[in-house]
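*Asks:* attaching a predicted model along with its sequence, questions to come.
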Amino acid sequence: MEKPTTSSTCQRVDSSQSEISTAIWRSRSKSYDINDSGDWTGGSMTVVQVGDVLDRGGDEIKILYFLERLQWQAVKASGKVITMNGNHETLNVERDFLYMSESGCEEFRVWAHNNMMR
């Protein structure tokens with residue numbers, strides 16, 4: 001993995017409750033690498049999101065899209081957003097849905113119907 005340069009910093013964002021709205025992201029990221037609209041302002045900063053986006057409620061897909069959008073915006077600004085799988089992502093891949101919430105399941109059902117059944 002490439003080390004941040006002296007003009008950039010590396011920031012870890014823990015999403016253990018996975019409520020990554022703009023306000024939550026900003027409160028967890030000490031350097032305020034996004035603005036109030038949720039757009040990347042971190043420049044060449046490297047941010048590592050440490051997993052556990054899944055199994056937390058009905059905004060999981062919104063969070064995944066948010067993180068992907070931030071990744072693209074960061075790259076354009078010479079920064080990075082690295083997303084890691086946590087144990088809940090691994091459990092889902094292994095088809096262990098013990099911790100899946102009703103709202104999370106419904107969100108994925110609606111998404112799949114709208115995006116995969118065309």
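*Replies:* Arrived safely.
*Asks:* when you work out contacts or count neighbours from here on, use the C-alpha atoms and nothing else.
*Replies:* Will do.
*Asks:* pLDDT of the longest helix along the chain, averaged?
*Replies:* For the chain, the longest helix by residue count, based on DSSP state H, is helix 60-76. For helix 60-76, mean pLDDT rounds to 88.
*Asks:* which SSE is immediately downstream of that helix?
*Replies:* Proceeding C-terminally, helix 60-76 gives way to strand 80-83 as the next helix or strand, assigned by DSSP states H and E.
*Asks:* now for that following strand, which elements pack on it?
*Replies:* When contacts are defined as 3 or more C-alpha pairs under 8 Å, 6 or more residues apart in numbering; DSSP states H and E, strand 80-83 sits against strand 46-49, helix 60-76.
*Asks:* residues making contact with that strand?
*Replies:* Residues outside strand 80-83 that contact it (C-alpha atoms under 8 Å, 6 or more residues apart in numbering) are 44, 45, 46, 47, 48, 49, 50, 51, 67, 70, 71, 74.
*Asks:* dump those to CSV, plus neighbour count and distance to residue 100.
*Replies:* Below are those laid out as CSV (neighbours: other C-alpha atoms under 10 Å; distance: C-alpha to C-alpha, whole Å):
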residue, neighbour count, distance to residue 100
44, 20, 35
45, 24, 33
46, 24, 30
47, 22, 27
48, 16, 24
49, 21, 20
50, 16, 19
51, 20, 15
67, 17, 20
70, 24, 25
71, 18, 26
74, 25, 30
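*Asks:* can I get the helices and strands packed on strand 80-83 in TSV including distance to residue 94?
*Replies:* Shown next, in TSV, are the helices and strands packed on strand 80-83 (distance: least, C-alpha to C-alpha, whole Å):
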stretch	distance to residue 94
strand 46-49	21
helix 60-76	18
